[in-house]
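S.K.: Here's a sequence, model it:
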Amino acid sequence: MATQWQTFPVPFTGGLITNISPLQQGINNVGSAFQLQNFEPSLDGGYRKVAGYTKFIDAELPGSGVVQALALIQEDNNEKVIAARSGVYYIANGIDATPTWTSLATASNTTFSKVRQTRYNFNNVYQICFVDGVNFPAYFDRTAGTLTYLTSSATNDAVEGASHVCTFKSTLFFGVGTELVFTAPYSADDLSPANGAGSISIGSEITGLIVFRDQLIVFAVDKIMRITGTSAADFTMSAVTEDLGCLSADTIQEVGADIMFLGPDGLRTLSSTDRIGDFGIDVASKNIRPTVTKLQDYAASFSSTVIRSKAQYRLFAYVDSERDNVAKGVLGTKFIDQGGQGFQWAELKGFKVYIADSQFIGEDEYRVFANNDGYVYSLDTGTNRDGAAIDAIYESPYMPINDPQVRKTFYKLDLYIKPFGSINITAGIKFNQGRAGYIQPATFQIVQAGGGTGIYGDNVSIYGTAVFGAPRTQSYINQVIGSGETVAIRIEDNSADAAFLLDTALFEFATDDRQ
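M.R.: Reported below is the predicted structural model:
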């Protein structure tokens, strides 16, 4: 009797899952990942190798230690960044012929750790307000090109040492310990109660501020509050929840139509519900709960950013003494409009980020980050980590296919991959959870030579080297020999080669007799 071959498709979707057993995952989540490192679940389908980073300018910031402040300036036809190190603020324009860092101002107390900021435009004057948790707020005026500190006075002393700042209803709100201090309307530095300034006691240490719809969300260590109204005359505070809070201000980001933040039990989203005035607070990182828990145990400092064009949130765990090639983090792509259940996750490795910022300037999205080496980097650009390789790994769970107790003989693995340039990928399959005593097939190479295809506007397409057009998914057929009750796919690319997208895998196999 002739052996009947069968086909088993593995669509690459679902992202990283680490909160269930491998067998459950292999049965119920075919195409998800047991390991997914430096791949991003793509809105276009499949898993795409992440882009890297390059220096924003070649000049190092003067001083020593971490870069304390980092802010993109929204100014058309320019790529300006403000950064601080050793207590001194600098500015640089990336499009200058020979860009360098120019000093703006020096803080009176230079020992602050991390600066946060808010952008605003009152009376057609574009400004950025910086707070560092130690000094008075500092204000950058784009028109004048200057940065000045607020000075001490009977009213101004209320915001000395502010750690958080946000713009809401044409008013600046400062988080100072347990107090929320706000300015007079349409003023960034008028703190006189007679003019409409004031304060609200939160009752717990404030850990972050962000505007969500028509409300100011105030995160504390053990609660989340909201401020509604338009001025001191009708500002009202009410509770979103008094059961949990936010552990780190630098994890708070708006992604899609939700607010992401790090809570005591993982990454959560704050989202609206069908009930007016109500909120949903979902655990978005449920699928990777063990991974996030390890990150929380691994580091005390976190930062985050969003890549809006990809509906993507990235969380970075920072350890000052570690090498950049072992730095850890996670990324999540949002696949549904609201709620935390629509995220697909992956791990990041090799991105050492202490502070980050992202903004649209004109129609282009810019993302920058820095750590303790004194350079500012442009994120999500190019095919390497400032010259170093990107170690991208996909490994599926062990899939039983149709019966985990029946042996299958495998003959072919057909991988559908969309290359964006030259690639040289190592791939292979493994049987029976890698248990000792089983012969595992040898790995094989998937090679795409030449310049490849580029997409106009894509962050890894290089003018003059890529042929611009829509890259096609290609089939790479590989002969395999081996048998087992369960099978897993492993794909790895540790190189500075172009990105590629894993679309689908197809196994051809025959079912053997039950043993």
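S.K.: Can you tell me how far residue 82 is from residue 136?
M.R.: Distance, residue 82 to residue 136, by Cβ to Cβ, to the nearest Å: 17 Å. Where C-beta positions appear, they are placed from N, C-alpha and C, glycine not excepted.
S.K.: same deal with residue 107?
M.R.: Distance from residue 107 to residue 136, by Cβ to Cβ: 9 Å.
S.K.: next one: residue 79
M.R.: Residue 79 sits 29 Å away from residue 136, going by Cβ to Cβ.
S.K.: repeat for residue 305
M.R.: Computed with Cβ to Cβ, the distance linking residue 305 and residue 136 is 27 Å.
S.K.: cool, and residue 197?
M.R.: For residue 197, the distance to residue 136 (Cβ to Cβ) stands at 15 Å.
S.K.: ok, now residue 427?
M.R.: Applying Cβ to Cβ, the value for residue 427 to residue 136 is 57 Å.
S.K.: who touches both of residue 107 and residue 136?
M.R.: residue 149 (Cβ atoms under 8 Å, 6 or more residues apart in numbering).
S.K.: starting at the chain centroid, how far to stretch 76-95?
M.R.: On the basis of Cα atoms, centre = their mean, to the nearest Å, stretch 76-95 sits 22 Å off its chain's mean C-alpha point.
S.K.: For the stretch 251-400 of the chain, which segments are assigned as strands?
M.R.: Here the stretch 251-400 of the chain has its strands, by DSSP state E, counting those that start in this stretch, at 253-255, 258-263, 266-272, 279-283, 301-307, 312-318, 328-334, 343-349, 355-361, 364-370, 376-379, 390-395.
S.K.: CA atoms only: put stretch 243-254 into PDB for me.
M.R.: The C-alpha trace of stretch 243-254 is given here as PDB (Å, rounded to 0.1, in the frame of the first residue of the first chain):
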ATOM      1  CA  ASP A 243      -7.100  48.700  43.500                       C
ATOM      2  CA  LEU A 244      -4.000  49.000  41.400                       C
ATOM      3  CA  GLY A 245      -1.500  51.600  40.100                       C
ATOM      4  CA  CYS A 246       1.400  52.200  37.800                       C
ATOM      5  CA  LEU A 247       4.900  51.100  38.700                       C
ATOM      6  CA  SER A 248       6.800  53.300  36.300                       C
ATOM      7  CA  ALA A 249       5.900  56.600  34.600                       C
ATOM      8  CA  ASP A 250       8.200  55.700  31.700                       C
ATOM      9  CA  THR A 251       6.100  52.800  30.600                       C
ATOM     10  CA  ILE A 252       2.900  54.900  30.000                       C
ATOM     11  CA  GLN A 253       2.100  55.400  26.400                       C
ATOM     12  CA  GLU A 254      -0.900  55.800  24.100                       C
END
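S.K.: Going by neighbour count, which residues in it are buried?
M.R.: Judged by neighbour count using 16 or more other Cβ atoms under 10 Å, the buried positions of stretch 243-254 are 244-253.
S.K.: Reformat those residues into CSV and put distance to residue 349 and pLDDT next to each item.
M.R.: Formatted as CSV, these follow (distance: Cβ to Cβ, whole Å; pLDDT from 0 to 100):
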residue, distance to residue 349, pLDDT
244, 29, 92
245, 29, 94
246, 25, 95
247, 22, 92
248, 20, 93
249, 25, 94
250, 20, 97
251, 19, 97
252, 24, 97
253, 21, 97
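S.K.: Return the residues in contact with the residue nearest in space to the middle of the chain.
M.R.: Nearest to the mean C-alpha position of the chain, counting by Cα atoms, centre = their mean, stands residue 314 at 1.2 Å. Contact partners of residue 314, counting by Cβ under 8 Å, 6+ apart, are 304-307, 329-332, 348, 351.
S.K.: filter the residues you listed to the buried ones?
M.R.: The neighbour count (16+ other Cβ under 10 Å) marks 304-307, 329-332, 348, 351 as buried among the contacts of residue 314.
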